[in-house]
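[1] attaching a predicted model along with its sequence, questions to come.
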Amino acid sequence: MAKATVYDTNRRKKGEVELPDEIFAAEVNEHVLHEVVRMQQVRKRSGTACVKERSAVAGGGRKPMRQKGTGRARQGSVRSANHPGGAKVFGPRPRSYDFRPPRSVRRRALVSALSLLSRDGRLVILDKFELGEAKTKSFTKVMNKFGAPTGIVVDAAGNHNLHLSVRNARGYMYLPPEGLNVLDMLRHETLFITRQGLEGIAGRVARGGQEG
């Protein structure tokens with residue numbers, strides 16, 4: 001197991017912690033990362049785009065002109081697609097774009113993302129992240145000490161002051177271990193994990209934790 005330095009919120013060293021190789025030093029599989037990110041993105045699509053087909057357009061009870069003698073092409077209905085205000089051909093219909101890769105793929109993507117951040121030096125382990133009051137300014141001071149322009153803080157659920165402090169900080173997120181996901185990890189510069197958050201992530205992966 002690799003060892004990582006543990007810091008406090010003032011960036012002082014508080015010791016070391018062992019990081020499981022099967023979570024933070026696994027092979028980075030770009031294909032499963034792509035699949036899970038695509039899954040998360042398409043789930044945001046409403047899928048409600050819709051156009052009127054010929055049967056849904058009003059009017060068209062009779063021929064707009066006689067069949068012969070006009071010198072024009074034959075027309076059977078004003079609902080036809082070649083008439084202004086008529087139907088649309090092969091337009092979008094309401095549908096679901098959702099798909100779900102197998103659990104093993106979602107789990108491997110989570111591990112690949114954690115291993116990628118660890119490999120690139122974008123992972124910071126904190127002893128704990130306690131704020132005396134819910135204040136965004138107090139949180140941003142901590143982030144400035146680590147030089148992180150954007151980041152995710154993972155701590156055990158129930159850290160109310162941290163949750164409220166991060167809520168209004170642009171570019172930052174607070175997530176419990178159960179909410180950590182591939183898309184958010186790849187979109188932020190640094191991943192901060194407290195000791196309790198680390199235990200939660202290890203437990204989630206051991207239980208077959210997955211994305212979505």
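    Thanks, I have the structure now. What you are looking at is a predicted structure, and each value in this text was computed from that prediction instead of being measured.
[2] now the residue nearest the centre of the chain: how far from Val153?
    Nearest residue to the geometric centre of the chain (Cα atoms, centre = their mean): Leu183, 3.9 Å. Separation of Leu183 from Val153 (Cβ to Cβ, to the nearest Å) stands at 17 Å. Every residue, glycine included, has its C-beta placed from N, CA and C.
[3] before we move on, the earlier item: gap between the residue nearest to the centre of the chain and Asp120?
    Distance of Leu183 to Asp120, computed by Cβ to Cβ: 17 Å.
[4] CA atoms of the lengthiest helix in the chain as PDB?
    For the chain, the helix reaching the highest residue count under DSSP state H is reported as helix 103-119. Output of helix 103-119 as PDB, limited to C-alpha atoms (Å, rounded to 0.1, in the frame of the first residue of the first chain):
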ATOM      1  CA  ARG A 103     -22.300  -2.700 -11.900                       C
ATOM      2  CA  SER A 104     -18.800  -4.000 -12.400                       C
ATOM      3  CA  VAL A 105     -18.200  -1.300 -15.000                       C
ATOM      4  CA  ARG A 106     -19.500   1.500 -12.800                       C
ATOM      5  CA  ARG A 107     -17.400   0.300  -9.900                       C
ATOM      6  CA  ARG A 108     -14.300   0.100 -12.100                       C
ATOM      7  CA  ALA A 109     -14.900   3.600 -13.300                       C
ATOM      8  CA  LEU A 110     -15.100   5.000  -9.800                       C
ATOM      9  CA  VAL A 111     -11.800   3.200  -8.900                       C
ATOM     10  CA  SER A 112     -10.200   4.400 -12.200                       C
ATOM     11  CA  ALA A 113     -11.100   8.100 -11.400                       C
ATOM     12  CA  LEU A 114      -9.700   7.800  -7.900                       C
ATOM     13  CA  SER A 115      -6.500   6.200  -9.200                       C
ATOM     14  CA  LEU A 116      -6.200   8.900 -11.900                       C
ATOM     15  CA  LEU A 117      -6.400  11.700  -9.400                       C
ATOM     16  CA  SER A 118      -4.000  10.000  -7.000                       C
ATOM     17  CA  ARG A 119      -1.500   9.300  -9.900                       C
END
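[5] buried ones in that helix, by neighbour count?
    By neighbour count on 16 or more other Cβ atoms under 10 Å, the buried set for helix 103-119 is 105-118.
[6] next secondary structure after that helix?
    Downstream of helix 103-119, the first helix or strand assigned by DSSP states H and E is strand 123-126.
[7] domain map for this protein?
    With domains defined by automatic domain parsing, the chain comprises 2-45+100-206, 51-91.
[8] return the distance of the shortest one from the chain's centre.
    Meaning domain 51-91. How far domain 51-91 lies from its chain's middle: 45 Å, per Cα atoms, centre = their mean, to the nearest Å.
[9] equivalent analysis for the longest one, please.
    Using Cα atoms, centre = their mean, the distance from the centre of domain 2-45+100-206 to the centre of the chain it belongs to is 13 Å.
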